[in-house]
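In: all I have is the shape, not the residue letters:
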């Protein structure tokens, strides 16, 4: 089976480019499971329920987030609108599972594809140079004990490349794929590790590449050159959809291929 994972949607330009491409990519590759990171979909900071619904309308099955998950307060009501056992859309929007205990939302979703394949998506966040997270390595160890599905995809939202690579090796042979998000720069190290886990350090953002990781260039340069604070605004130029296509055996969950994707207008 083929799984499509779309990297961090950034602002309106990111939404536009993903909307343009996601349908034909899925159709051409007979994609059975679609996961989209919507961490920065609302103007570069967080996601709203309305935008989440829009991305589901494009064909997404599960949405993941990261450190900006709380930026839009209305998402809290969206999380609370369905019970934990629900399979409705609001339950299929995830926040990092290794945040502090008792916070709204969930970090794992277990579902079944239209052909009957059981799967799980885990949203995990790094600890190096990140705030508010518990140890992701021990957190995922505990989480995997309760997941019955063989097909398991982990979105590891983390800053340090070393931490992401370490997580790939930590989970090799235990999950289908470990895909890094957060740094918005696609890396060229996609591969299948020896145990059958597809890995990429960072899938890259789906957003405007004539920018500084999604933000208007001059606004970022002003901060670097002067040290003065300023409001960041999402750029719009040269949008690209960055994604990863994983091929796996649905019976074992072992990946056989991973392909890096970057599509422009």
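Out: Noted; the coordinates are in hand. Computed from a prediction, not measured in an experiment: that's the story for all the values here. Numbering: from 1, shown residues only.
In: just checking, next helix/strand downstream of the helix or strand where residue 24 lies?
Out: Taking DSSP states H and E as the definition, residue 24 sits inside helix 11-28. Later in the chain than helix 11-28, the nearest helix or strand by DSSP H and E is strand 31-37.
In: and the helices in the stretch 101-250 of the chain?
Out: Along the stretch 101-250 of the chain, counting by DSSP state H, counting those that start in this stretch, helices occupy 136-144, 161-171, 217-226.
In: surely residue 232 meets residue 68?
Out: No. Counting by CB atoms under 8 Å, no contact exists between residue 232 and residue 68, whose distance comes to 12.0 Å. Glycine gets a C-beta too; all of them are placed from N, C-alpha and C.
In: tell me the buried residues in the helix holding residue 24?
Out: Taking 16 or more other CB atoms under 10 Å as the neighbour-count basis, helix 11-28 is seen to contain the buried residues 11-18, 21-22, 25-26.
In: and if you look at stretch 47-58?
Out: Of the residues in stretch 47-58, those scored as buried under the neighbour-count criterion (16+ other CB under 10 Å) are 47-49, 51-52, 54-56, 58.
In: and these as JSON lines, adding distance to residue 124, pLDDT and secondary structure?
Out: JSON lines is the format used below for the buried residues of stretch 47-58 (distance: CB to CB, whole Å; pLDDT from 0 to 100; DSSP: H, G, I helix; E, B strand; the rest coil):
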{"residue": "47", "distance to residue 124": "18", "pLDDT": "98", "secondary structure": "coil"}
{"residue": "48", "distance to residue 124": "23", "pLDDT": "98", "secondary structure": "coil"}
{"residue": "49", "distance to residue 124": "23", "pLDDT": "98", "secondary structure": "helix"}
{"residue": "51", "distance to residue 124": "22", "pLDDT": "98", "secondary structure": "helix"}
{"residue": "52", "distance to residue 124": "20", "pLDDT": "98", "secondary structure": "helix"}
{"residue": "54", "distance to residue 124": "25", "pLDDT": "98", "secondary structure": "helix"}
{"residue": "55", "distance to residue 124": "20", "pLDDT": "98", "secondary structure": "helix"}
{"residue": "56", "distance to residue 124": "22", "pLDDT": "98", "secondary structure": "helix"}
{"residue": "58", "distance to residue 124": "24", "pLDDT": "98", "secondary structure": "coil"}
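In: tell me the contacts of the residue nearest the centre of the chain?
Out: Closest to where the C-alpha atoms of the chain average out (CA atoms, centre = their mean) is residue 37, at 3.3 Å. For residue 37, the contacting residues are 5-9, 63-66, 155, 157, 181, 203, taking CB atoms under 8 Å, 6 or more residues apart in numbering as the criterion.
In: quick one, strands of the chain?
Out: Chain-ordered strands for the chain, with DSSP state E as the definition, fall at 2-6, 31-37, 62-64, 108-112, 118-125, 151-157, 177-181, 191-192, 198-200, 207-208, 239-248, 255-264.
In: what sits up against the fourth one?
Out: Contacting residues not belonging to strand 108-112 are listed as 61-62, 87, 91-92, 94, 97, 118-123, 143, 147-149 [CB under 8 Å, 6+ apart].
In: relative to the whole chain's centre, how far out is stretch 190-197?
Out: Per CA atoms, centre = their mean, to the nearest Å, the displacement of stretch 190-197 from the mean C-alpha position of its chain is 19 Å.
In: now do that stretch: everything it contacts.
Out: 168-169, 171-178, 198-200, 244, 252-260.
In: do that again at 10 Å, thanks
Out: If you take CB atoms under 10 Å, 6 or more residues apart in numbering as the criterion, stretch 190-197 is touched by 152, 154, 168-179, 198-201, 203, 244-249, 252-261.
In: what's the end-to-end length of that stretch?
Out: 11 Å (CA to CA, to the nearest Å).
In: alright, I will stop here.
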